[in-house]
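Asker: structure here, sequence nowhere to be found:
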């Protein structure tokens, strides 16, 4: 079989499309953001991507199997830039798979003359954060100013280890092999669980960049639920510690 | 060498064949079932499949080597659907191997116009079960009803982790890339050893689907033997625990 | 680069050549045997095999580097069967590498019309053995009798786990894809160190099969040295245990 | 994508170029040396090498991403031999990647008629060394004498485990597949940290071989800084041990 198979559903005509990529990763921040845009903007599917670089697995929803995949969606915005979003079940599971999937997706989309790439991810800070920042890294310095205006932070020397995975490669390969500039937007997250709070902040940044108003009600609700759960866990852990202290001294 | 080599023995003419795949896996339920059909229906071999996705190994039977392989068998049933069965020594040992073997087997069989795919597997429930159920997952909802009639259960949300390996991919790739509908049939099993009891239940389901009467005597005998062994083990473990208790308190 | 590169030195004309393969493995029994034949029969090199399936390594002999490789040697015996021997630094390090190297070596040698394949290996029995046996497994039952005459044992059901690696694949692929019959000859060995004693027994068997008289002096000397070392180790371990006992009880 | 992509910037005309390769490895000795030559000789970049054999990663410098790569630099020296240097972020991360990158780099440079190859590396001796030696291994014995004159040591039987990685393969493949002679130059290093002292000694050897005067001031300064740090660490560890002793006996 071909190592990556694009199953094409539509080939829309798009105006200066911006490419946003949000695949599963740290705190699932990128995936939550991408899925939210797809739902709220009622985006249409252009193509499914099946690949031997993804796990040999089917999910089961309502007794029906779903072969794991990534997918490409689009939205004709009627504004200056149409929108393409990459979302899906997994990143490539090997180093080779990461490169091949990133390159072949860009190659598949090359005919659309992508004007800008934004890859999304989480930035793990190892603790729960009240108000997550959105950190940025660009492939061309001219993008720093406009992103700062949209609310992105550019602390010097972070992330110190660089960026890994599809958020790194789609941006880096886009720059070096397809000459498309862009940025990686990283929402701060504890990294302990799927984190809608970091995603919410990226959604706000992206909606400014895209000049699209996105309804934040649902993501706020999800963030609130997570907050409740973590509060509860903190409380329980405190009580447990107290009890343990009692046991210990009792 | 080619990564997958089909060694062809026969190219029969087949009517609306149903494809059944039972390779080694959890409790070997799929393999036991497939091997039983091959034996009881006196199926003929169409092809051997050698591949670098299988272990670099020969088995030795009666001082003679047997290069590890999977194999394709067929049976002209004289009824509405002829039968093709995939069985063998191993599943592909890597993610890439799983995809390639599943795809290439389907591609090799494509000229036969497969009408339905049934992949077989075990569903591990972590304890010995008196009367194993056969769980199903379909690639088209229209298959749920007829399978329920044949004795298959469709509990909602199970298996929660989806299905992995060749039982997942032959079904999923069959659906997405060859447009063939089908189902995965999973026999409940403890998962602790090769389990003919789970296989027996799938054999009964499959013989209804295929309208082929299969003699159950031998599989019943094997199930009985396994039952005896596990009873003995339980007994011994109980006695041992008693003795240990005695030792402990003695 | 090509994944396997044959660097050709000679293309001799050979009469009904027998192929013997002895690569590093358990107790290095196969390699010791192959190297001994190459030396004692003053065999000539036909080709070097470089490959990315071998470790990324050079050895250093006398300040000069040696890129790791396997090699093919030949000997015009003047008798019924000329001889080809495969020897070298490593087996393929991955499953894919094992298959590719075994297949491509057979493919490279196919024009010589190999009449018989003997792959060599060690059979680990986990203890030092006084008089190692040579166990056999054949790819055609007609070879059992003549090999028994040459001193090979065919215990039923052994090795129970089958055979793995190049000794398995060159024999198995030779049979299934090149229609060449042959046998695997396994010298019993403790498996703890490079073991000339197991190799010695295979040399005797092979020299009968090949009707070539091989001078056993050097291999006998090596076997004697190993015996001395192991005797010494046993002695020391006994003394140490005694001392420890003294310490313990003292 | 192609597994290795050369992004070409210049195709200079070069006279009998000498190829020097210094990629990250033990004590980063090779990389430090190569980077020093590139900086001090103001070498120009010929090509970047991107590859799926490198990690799926971007570094971030001053908020801007840098897709990981190796690079080829050149210098027209005006002397008998022009100079080509390979430097970069990583060696290939797999065995296959090591072979492919080494082979394809040599293949890419083949049109320049490389006259000699020097691969650089560290030789770990497990302790901090006052005055590191430069050890050599050659692919042709005729190179031993001139290298000894340039200050290289050729102890017999070292490194006993051979050499691994790109320093081994560029030399070995250069010899066997491109018929280019050369040597591996290994600077002694503790192996505990990036070690400019071992690099300094290789720089001196290479500048003799290349008849290029290289300013040693900066590397001496770096070596001094490392020395200071290690002295401090030794001091602290001594004090700590004393304190611990006090604690222990106190």
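Answerer: Now that the structure is in, tell me what you want to look at. None of the values given here were measured: they were computed from a predicted structure. Residues are numbered from 1 along each chain as shown, chains lettered A, B, ... in the order given.
Asker: make it CA atoms for all contacts and neighbour counts henceforth
Answerer: Noted.
Asker: and stretch A:16-24, how far from the chain's centre?
Answerer: 8 Å (C-alpha atoms, centre = their mean, to the nearest Å).
Asker: residues making contact with it?
Answerer: A:29-35, A:80-91, A:112-121, A:166-167 (C-alpha atoms under 8 Å, 6 or more residues apart in numbering or on different chains).
Asker: same check on stretch A:186-199?
Answerer: Contacts of stretch A:186-199 (C-alpha under 8 Å, 6+ apart): A:26-30, A:32-33, A:120-129, A:131-136, A:201-202, A:219-220, A:222-223, A:226.
Asker: and the residue nearest the centre of chain A?
Answerer: What sits nearest the mean C-alpha location of chain A, by C-alpha atoms, centre = their mean, is residue A:30, with 1.7 Å.
Asker: how much space separates that residue from chain D?
Answerer: Distance of residue A:30 to chain D, given as C-alpha to the nearest C-alpha, to the nearest Å: 17 Å.
Asker: again with residue A:167
Answerer: 9 Å.
Asker: please, which helix or strand holds that residue?
Answerer: helix A:166-178 (DSSP states H and E).
Asker: tell me what that helix is packed against?
Answerer: helix A:95-109, strand A:116-124, strand A:182-189, strand D:57-61, strand D:64-67 (3 or more C-alpha pairs under 8 Å, 6 or more residues apart in numbering or on different chains; DSSP states H and E).
Asker: other SSEs contacting the first one?
Answerer: Using 3+ C-alpha pairs under 8 Å, 6+ apart as the contact criterion, the elements in contact with helix A:95-109 are helix A:166-178.
Asker: so the helix it packs on versus strand A:182-189, what angle?
Answerer: Using axes from the mean of the first three to the mean of the last three C-alpha atoms, to 10 degrees, the inter-axis angle of helix A:166-178 relative to strand A:182-189 is 170 degrees.
Asker: touching helix A:166-178 from outside, list them.
Answerer: Contacts for helix A:166-178 (C-alpha under 8 Å, 6+ apart): A:21-23, A:91-92, A:98-99, A:102-103, A:106, A:110, A:117-121, A:139, A:180-184, D:56-58, D:65-67.
Asker: dihedrals phi and psi, the residue nearest to the centre of chain A?
Answerer: phi -70, psi -40 (degrees, to the nearest 10).
Asker: distance check, it against residue A:87.
Answerer: Distance check for residue A:30 against residue A:87: by C-alpha to C-alpha, to the nearest Å, it reads 9 Å.
Asker: and for residue A:137?
Answerer: Distance from residue A:137 to residue A:87, by C-alpha to C-alpha: 21 Å.
Asker: between the two, which is the more surrounded one?
Answerer: Higher neighbour count among residue A:137 and residue A:87: residue A:137, with 33 against 25, using other C-alpha atoms under 10 Å in any protein chain shown.
Asker: and that one, that one's in a helix?
Answerer: No: read with DSSP: H, G, I helix; E, B strand; the rest coil, residue A:137 is strand and lies in no helix.
Asker: what count of nearby residues applies to residue A:197?
Answerer: Neighbours around residue A:197, by other C-alpha under 10 Å: 27.
Asker: quick one: the strand or helix carrying it to chain centroid distance?
Answerer: Per DSSP H and E, residue A:197 falls inside helix A:196-210. Mean-position distance between helix A:196-210 and its chain equals 10 Å (C-alpha atoms, centre = their mean).
Asker: give the buried residues for that helix.
Answerer: Neighbour counts over helix A:196-210 (16 or more other C-alpha atoms under 10 Å in any protein chain shown) mark A:196-208, A:210 as buried.
Asker: that helix versus strand A:116-124: what angle between them?
Answerer: 160 degrees.
Asker: re the thing from before, so which of the helices and strands packed on helix A:166-178 is the most surrounded?
Answerer: Of all the helices and strands packed on helix A:166-178, strand A:182-189 carries the top mean neighbour count, a mean of 28, counting by mean count of other C-alpha atoms under 10 Å in any protein chain shown.
Asker: partner strands of it, with direction?
Answerer: Its sheet considered, strand A:182-189 pairs with strand A:116-124 (parallel), strand A:134-138 (antiparallel) by DSSP bridges.
Asker: who's in contact with residue A:110?
Answerer: By C-alpha under 8 Å, 6+ apart, the neighbours of residue A:110 are residue A:178.
Asker: let's see it at 10 Å
Answerer: Counting by C-alpha atoms under 10 Å, 6 or more residues apart in numbering or on different chains, residue A:110 makes contact with A:104, A:174, A:178, A:180.
Asker: how about low-confidence regions in chain A?
Answerer: A:240-250 (pLDDT under 70).
Asker: domain parsing for it?
Answerer: Domain assignment for chain A, taken from automatic domain parsing, gives A:4-215, A:218-250.
Asker: just say which of the ones you listed is most tucked in.
Answerer: domain A:4-215 (a mean of 20).
Asker: chain center to that domain, what's the gap?
Answerer: Chain-centre distance of domain A:4-215: 4 Å, with C-alpha atoms, centre = their mean.
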